[in-house]
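*Asks:* Sequence and predicted structure below; questions after.
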Amino acid sequence: MRKIKECLIKPDAARVLKALASHLKAADDSLVFICPGCREPVQPIGDHFEHLDKNPRCPLTHEG
């Protein structure tokens, strides 16, 4: 059977996971969200994700 190594998550669920992880020792550092477009770390903000560091080369980055 093939194993799934990653999946997509909605921003609301990501915020809940971050809140839960903040209550667990050292788990917050191990909880990382990755952009599917450029494979760089992102964080949930409102109803979307934003790169931790600006990445203009990412195909999913929209200015505006």
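*Replies:* Thanks, I have it.
*Asks:* in the chain, which spans are strands?
*Replies:* The residue ranges that make up the strands of the chain, judged by DSSP state E, are 33-34, 41-45, 48-51.
*Asks:* Of all the ones you listed, which one is nearest residue 10?
*Replies:* Closest of the strands of the chain to residue 10 is strand 41-45, at 8.7 Å (criterion: Cβ to Cβ). Any C-beta I mention is one placed from the backbone N, CA and C, and that applies to glycine too.
*Asks:* Just checking: what are the partner strands of that closest one?
*Replies:* Here the strand partners of strand 41-45, with direction, are listed using DSSP bridges: strand 33-34 (antiparallel), strand 48-51 (antiparallel).
*Asks:* Give me the contact list for the longest one.
*Replies:* This points to strand 48-51. Outside strand 48-51, the residues that touch it by Cβ atoms under 8 Å, 6 or more residues apart in numbering are 11, 14, 33, 35, 38, 40, 41, 42, 43, 58, 61.
*Asks:* Buried subset of the residues you listed as a PyMOL selection?
*Replies:* In PyMOL syntax, the buried subset of the contacts of strand 48-51 is picked out as below (16 or more other Cβ atoms under 10 Å):
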select buried, resi 11+14+33+35+42+58
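*Asks:* Would you reformat the contacts of strand 48-51 as CSV and include pLDDT?
*Replies:* Formatted as CSV, the contacts of strand 48-51 follow (pLDDT from 0 to 100):
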residue, pLDDT
11, 89
14, 88
33, 87
35, 89
38, 91
40, 91
41, 90
42, 89
43, 87
58, 89
61, 79
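*Asks:* can you tell me which of the strands paired with strand 41-45 comes nearest to residue 7?
*Replies:* Each of the strands paired with strand 41-45 was checked against residue 7 via Cβ to Cβ, and the shortest separation belongs to strand 33-34, namely 10.8 Å.
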